[in-house]
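Visitor: Predicted model and sequence below, questions to follow.
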Amino acid sequence: MALLEVRDLDVRFALRQGEVRALRDVNFTLDRGERLGIVGESGAGKSVVAFSLLNLIARPGHIAGGSIRFDGQELTGLGERGLRRIRGNRISMIFQDPLMTLNPVLSIGEQMVECLKAHRRISRREARTVALHKLQQVQIPSPATRLDQYPHELSGGMRQRVIIAIALLLDPDIIIADEPTTALDVTIQAEIMALLRELCEKHNVGLILITHDLGVVSQVTQRMLVMYAGRVIEQGPTREIINDPQHPYTQGLMNALPQMATPGSHLNQIRGSMPSLSQLPPGCAFHPRCDFMHRADGSARHACAERVPDFVASGNCRVACHMVAEMLALDARPAEEEA
Ligand code: SF4
Ligand code: MG
């Protein structure tokens, strides 16, 4: 059984202009020690997935349906007390902005000690020893000195290391990291990502990594979900999706990557932008931006603008696209006729 199992997750926001469906039909599992990436442009619903896992969706949002099972326990509908036993303790979160997690008026050591004491029966001295050990694990320079420093005395990269140390503090089963390095420069981003990956691997901690950066996903994760307008549109093993993306949106994201483009050429940004969730186009939400709504012979694929595509299995991946379904059906035909 998977450690985490998310089924048909449905999140809605009750707004004055009506109900907006922020997530629908989100399905995935995470095994112990597995690393999963969730990618997509901003507004795709990646963070909503992260927040709903720990029931942190702020009003007027709410989980309207589906199930989130963690280690055999259903998390949707679990009360605050039950959730507090899980949050930080068994599932911890790393946010984009370290200053959102770190308290500016407490030293690093004090914050870590407080956090430990809130969840464990442990003396102040023992807690300080654990804190120091975690700071060593995240390879921060002069860890003992850092304990008595305040967040503003550390560089951005060091602050993010402290955040990772705090996320690891209670030996969680899963870390959810939402754009954890966006605020850092590129070299430090890569270092922090490599560290996060190494620590999760070493301690068998599951990771859900949320990012718009396909490079980061391919560096760190084993499986991935690609989200668009509140839905998962492609999911499967990271290597397979990166090497051979099936969904036109995933292909578009790949073509927009600097390292994929021919030197000197323009990046192929996907034209247009993600629709607002309150005004989703009918059919496939990507269709106004998609170059494949017409077949190679010029005929229109009407289903694209009319019906939401179902998932089809392509290799080890699942893809929600009418064109992919059509191509798979064509591929399958000769084999059937021969039989
Ligand atoms: Fe493009 Fe149609 Fe596939 Fe949507 S379903 S991605 S519009 S080909
Ligand atoms: Mg986000």
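Guide: Alright, I've got the coordinates. Ligands and ions are numbered 1, 2, ... in the order given.
Visitor: Which single residue in the stretch 101-250 of the chain comes nearest to ligand 1?
Guide: Relative to ligand 1, the nearest point of the stretch 101-250 of the chain is residue 248 (4.2 Å; C-beta to the nearest ligand atom). All C-beta spots, glycine's among them, are computed from the backbone N, C-alpha and C.
Visitor: Please look at that residue and residue 286 and confirm they touch.
Guide: Yes - with contact defined as C-beta atoms under 8 Å, residue 248 reaches residue 286; the gap is 6.7 Å.
Visitor: Neighbours of the residue of the stretch 101-250 of the chain closest to ligand 1, how many?
Guide: 24 (other C-beta atoms under 10 Å).
Visitor: for it, phi and psi?
Guide: When quoted as degrees, to the nearest 10, the phi and psi of residue 248 stand at phi -50, psi -30.
Visitor: That one and residue 276: what is the separation?
Guide: 20 Å (C-beta to C-beta, to the nearest Å).
Visitor: tell me which parts of the stretch 151-300 of the chain are close to ligand 1?
Guide: 247, 248, 284, 286, 287, 290, 292, 293 (C-beta under 6 Å from any ligand atom).
Visitor: Now, the residues you listed that are in helices?
Guide: Among these, the ones falling in helices (DSSP state H) are residue 248.
Visitor: could you redo the residues of the stretch 151-300 of the chain next to ligand 1 as JSON lines and give each row distance to residue 64 and pLDDT?
Guide: Listed next are these as JSON lines, based on distance: C-beta to C-beta, whole Å; pLDDT from 0 to 100:
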{"residue": "247", "distance to residue 64": "26", "pLDDT": "97"}
{"residue": "248", "distance to residue 64": "29", "pLDDT": "96"}
{"residue": "284", "distance to residue 64": "22", "pLDDT": "97"}
{"residue": "286", "distance to residue 64": "23", "pLDDT": "96"}
{"residue": "287", "distance to residue 64": "25", "pLDDT": "96"}
{"residue": "290", "distance to residue 64": "28", "pLDDT": "95"}
{"residue": "292", "distance to residue 64": "32", "pLDDT": "92"}
{"residue": "293", "distance to residue 64": "31", "pLDDT": "89"}
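Visitor: Most neighbours among the residues of the stretch 151-300 of the chain next to ligand 1, please name it.
Guide: residue 284 (30 neighbours).
Visitor: Which parts of the chain belong to which domain?
Guide: Per automatic domain parsing, the structural domains of the chain span 4-229, 233-261+280-338.
Visitor: Could you identify which of those is most buried?
Guide: domain 4-229 (a mean of 18; mean count of other C-beta atoms under 10 Å).
Visitor: any idea how far that one is from the chain center?
Guide: Offset of domain 4-229 from its chain centre (C-alpha atoms, centre = their mean, to the nearest Å): 10 Å.
Visitor: okay, and for this structure, where does confidence drop off?
Guide: Along the chain, the parts satisfying pLDDT under 70 run over 98, 259-267, 334-339.
Visitor: Which residue ranges of it form strands?
Guide: Secondary structure of the chain (DSSP state E): strands at 4-15, 18-30, 35-39, 61-70, 73-74, 91-94, 174-178, 206-211, 223-228, 231-237, 311-314, 317-320.
Visitor: Verify the contact between residue 87 and residue 54 for me.
Guide: Yes - look at residue 87 against residue 54 with C-beta under 8 Å: they come within range, at 5.2 Å.
Visitor: Ignoring the adjacent residues along the chain, who's closest to residue 315?
Guide: residue 240 (6.1 Å; C-beta to C-beta, 6 or more residues apart in numbering).
Visitor: for residue 190, same thing?
Guide: residue 219 (7.7 Å).
Visitor: Do I have it right that residue 54 meets residue 83?
Guide: Yes - at 6.7 Å, residue 54 counts as touching residue 83 under the criterion of C-beta under 8 Å.
Visitor: Which residues are in contact with each of those two?
Guide: residue 75 (C-beta atoms under 8 Å, 6 or more residues apart in numbering).
Visitor: List the contacts of residue 87.
Guide: Taking C-beta under 8 Å, 6+ apart as the test, what residue 87 contacts is 54, 93.
Visitor: List the contacts of the residue nearest to residue 190.
Guide: Counting by C-beta under 8 Å, 6+ apart, residue 219 has contacts 190, 193, 194, 197.
Visitor: and what of residue 35?
Guide: Residue 35 touches 197, 200, 201, 206, 207, 209, 220, 221, 222, 223, counting by C-beta under 8 Å, 6+ apart.
Visitor: Identify, from those, the entry nearest to residue 25.
Guide: Taking C-beta to C-beta as the measure, residue 25 sits nearest to residue 223 out of the contacts of residue 35, at 17.6 Å.
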